[in-house]
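**Q** Got a predicted model here, sequence first, then my questions.
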Amino acid sequence: MSYFTTIAGGLKSLVTGLGITARQMRRKPVTLTYPHVKPELSEAYRSLISLVQFEELETHDCIACMQCVKICPSFCIEIDGGRVEGIKRMRASKFEVDFALCSMCGLCIDVCPTDTLEYTKLYDEAGYEREWVYDLLDPFRDFEDEFVERQRVSDAREAAEKAAKRAAAAEAKAATEKEPEVDP
Amino acid sequence: MNQSAPDTLERASDDETYYLNMGPQHPSMHGVLRLLLHLRGEKILDCEPVIGYAHRAHEKMAENRSYIMFIPNTSRVDYLSGMIYNIGFCQAIEKMVGIEVPARAEVIRVIVCELNRIQSHLLWLGTFMLDLGGVTPFLYCFDDREEILTILDRVTGSRLTYAYGRFGGVTMDVDDVFIEQSRAFLVRLRERFLMYHALIRENVIFQERCRGVGVISEEIALKYGVTGPSLRASGVEYDVRRAEPYGGYERFDFEIPTEKAGDCLARFDVRVREMEQSCRIIEQGLTALPDGPIGPKKLIKKLKPPKGEFYFAVESARGHFGMYILSDGSDTPAKIKLRTPSFSSLSSMPDVLRGTMVADTIAIVGSIDLVIPEIDR
């Protein structure tokens, strides 16, 4: 008797399994055939980092504060830079990242005081070498001289404006102090 | 059954016996675990797990970097429930230093951790079925798991090795789309549970391969410190979320599923029921998600921890994950010891495997849900 119940139980399992498979066969396939169909990356996708190009500056705003160098758990960022003759803003002159080491944790982005770092959507890079060093400043190099010149002009204008304002304020103050004497 | 089994591998020398290396490169062994089996015929006389093939020195790495720099490491300790480890480490540091976590961040953490737990259990379910010879359920499980990965990818930016937690909060806020997606996923998953029940649980072959196989008795489980679903399948109701509530779990209403039998089938049942409980927790979290900040305004990067020893534990998908932190008062930990659940579960294997058949080894080792890099760290 148990022999036949075992067979019946086995058959029932088989039929249930086949039924579920048959139902699944009618569903749309969920597999993406990758190189032909590419997945849509989410907005938050964490990948390699790059420098943000700010609209008002028309360039990046890395001030070489070394915060990201200090916090990087993979020790893969190298920055040079500092004060540039004639302008107030600090500028980076080298921003090298070895992406072979980067673990995309995003600590550098969180710590950046000027928010000039962002994620890219790069995910299919391949190379033949172990080192995978990028200088993130490369796309900004051509513009750098012009930017410094502009910054110099705007700094000078700002300084002049400030001086003018100060002078005006002093004048106004002098005027208000003087006036009561004249009036009576 | 196992009267003739020797106590150690050295003592057994018999013409009829032989040794078999299962792993480290074995098609159905999880990761790079090597089991040195001593056999007579197909019966296992003894077993010696050999570990260390995936050792990455995470604990040592912690000693030469500041606390915040250890965050990306944590999710790589156990890559299947990385979120729980990641958030758990942040919670440990918060408790040590005394950082307040905003209510919204706390609930978000619970939701993403439970999603991660379901994801881990789904992967276990799929690979366990694969171990038992059923390829089809594996694909269905991965289909479901993919949904969770997509949901988490949208808010955390990564699919497996999360770096979502920060001291005092999380990196990115969740939005209405996330809530909608999670709710839709829970509805879908509950339908799929019915299918899994019919396809797997009621299958005769599955029952025959699991019932009474690989019994971890309560005594052995407690002796070796087995935790998580494997312990609860042996009849001990221990869950860190309930025993020492952390991260706001005390405000959630959920059950701790337990089974008495302690065999592969019991472990399967416990994990499936745990997924259902996780669904409940997520639902409550989504309903009660408060407004407010998701973390401190400025990244907390320098810590001034008190001197001394500190221990904090969370319930990962595999069990009791503890962090023992030795602080010398500086920003760099003097020592971080990670207590990982898979290691203890694996330690019980020689006792459990003795006397069973080779063909059951994969079922038993598969049923305790090992993640090898987590054992080695």
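**A** Okay, I see it.
**Q** Check the average confidence over stretch A:165-173, would you?
**A** Stretch A:165-173 shows a mean pLDDT of 85.
**Q** again with stretch A:54-63
**A** Mean predicted lDDT for stretch A:54-63 stands at 79.
**Q** And it, end to end?
**A** Start to finish, the residues bounding stretch A:54-63 are 14 Å apart (C-alpha to C-alpha, to the nearest Å).
**Q** Tell me the buried residues in it?
**A** Across stretch A:54-63, burial judged by 16 or more other C-beta atoms under 10 Å in any protein chain shown covers A:59-63. (Each C-beta comes from the backbone N, C-alpha and C, glycine too.)
**Q** try stretch B:181-200
**A** Buried-residue list, stretch B:181-200, by 16+ other C-beta under 10 Å: B:181-182, B:185-186, B:189, B:192-193, B:196, B:199-200.
**Q** So which of these are in helices?
**A** Those of the buried residues of stretch B:181-200 mapping onto helices are B:181-182, B:185-186, B:189, B:192-193, B:196, per DSSP state H.
**Q** and the residue nearest to residue B:341 when sequence neighbours are not counted, bridged to which residues?
**A** Nearest non-adjacent residue to residue B:341, counting by C-beta to C-beta, 6 or more residues apart in numbering or on different chains: residue B:319, 3.0 Å away. Beta bridges link residue B:319 to residue B:316 when assigned by DSSP bridges.
**Q** Among the ones in helices among the buried residues of stretch B:181-200, which one sits closest to chain A?
**A** Relative to chain A, the closest of those is residue B:196; by C-beta to the nearest C-beta it sits at 9.5 Å.
**Q** Intersect the buried residues of stretch B:181-200 with the contacts of chain A.
**A** Residues of the buried residues of stretch B:181-200 in contact with chain A (C-beta under 8 Å from any C-beta of the partner chain): residue B:199.
**Q** Can you tell me which of the buried residues of stretch B:181-200 is nearest residue B:29?
**A** Set against residue B:29, the nearest of these by C-beta to C-beta is residue B:200 (21.5 Å).
**Q** Quick check: that closest one touching residue B:210?
**A** No - the criterion here is C-beta atoms under 8 Å, and residue B:200 misses it with residue B:210 at 9.9 Å.
**Q** Mutual contacts of the two, please.
**A** residue B:268 (C-beta atoms under 8 Å, 6 or more residues apart in numbering or on different chains).
**Q** Report the distance from the helix or strand of chain A with the lowest mean pLDDT to the chain centre.
**A** Least confident element among the helices and strands of chain A, by mean pLDDT, DSSP states H and E: helix A:141-182 (a mean of 79). Distance of helix A:141-182 from the chain centroid (C-alpha atoms, centre = their mean, to the nearest Å) equals 34 Å.
**Q** Please list the residues of the stretch 101-250 of chain B that sit near chain A.
**A** So the stretch 101-250 of chain B meets chain A at B:136, B:140, B:143, B:146, B:150, B:153-158, B:161, B:163, B:166, B:171-172, B:195, B:198-199, B:202-205 (C-beta under 8 Å from any C-beta).
**Q** Recalculate using a threshold of 6 Å.
**A** Neighbours of chain A within the stretch 101-250 of chain B, by C-beta under 6 Å from any C-beta of the partner chain: B:143, B:153-154, B:157-158, B:163, B:172, B:195, B:198-199, B:203-204.
**Q** Emit the ChimeraX select command for whichever of these are buried.
**A** Buried members of these, identified by 16+ other C-beta under 10 Å, are gathered into one ChimeraX selection as follows:
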select /B:143,153,154,157,158,163,172,199,203,204
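**Q** Farthest pair within the residues of the stretch 101-250 of chain B next to chain A?
**A** Between all members of those, the farthest pair (by C-beta to C-beta) comes out as B:172 and B:204, at 46.9 Å.
**Q** picking up where we left off before, pLDDT for the ones in helices among the buried residues of stretch B:181-200 - can I get that in JSON lines?
**A** Putting these into JSON lines (pLDDT from 0 to 100) gives the following:
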{"residue": "B:181", "pLDDT": "89"}
{"residue": "B:182", "pLDDT": "90"}
{"residue": "B:185", "pLDDT": "91"}
{"residue": "B:186", "pLDDT": "91"}
{"residue": "B:189", "pLDDT": "90"}
{"residue": "B:192", "pLDDT": "89"}
{"residue": "B:193", "pLDDT": "90"}
{"residue": "B:196", "pLDDT": "88"}
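**Q** Closest to residue B:117 out of the residues you listed?
**A** Once C-beta to C-beta is applied, the member of these that ends up nearest residue B:117 is residue B:189, at 12.4 Å.
**Q** Residue B:142: which element?
**A** helix B:136-156 (DSSP states H and E).
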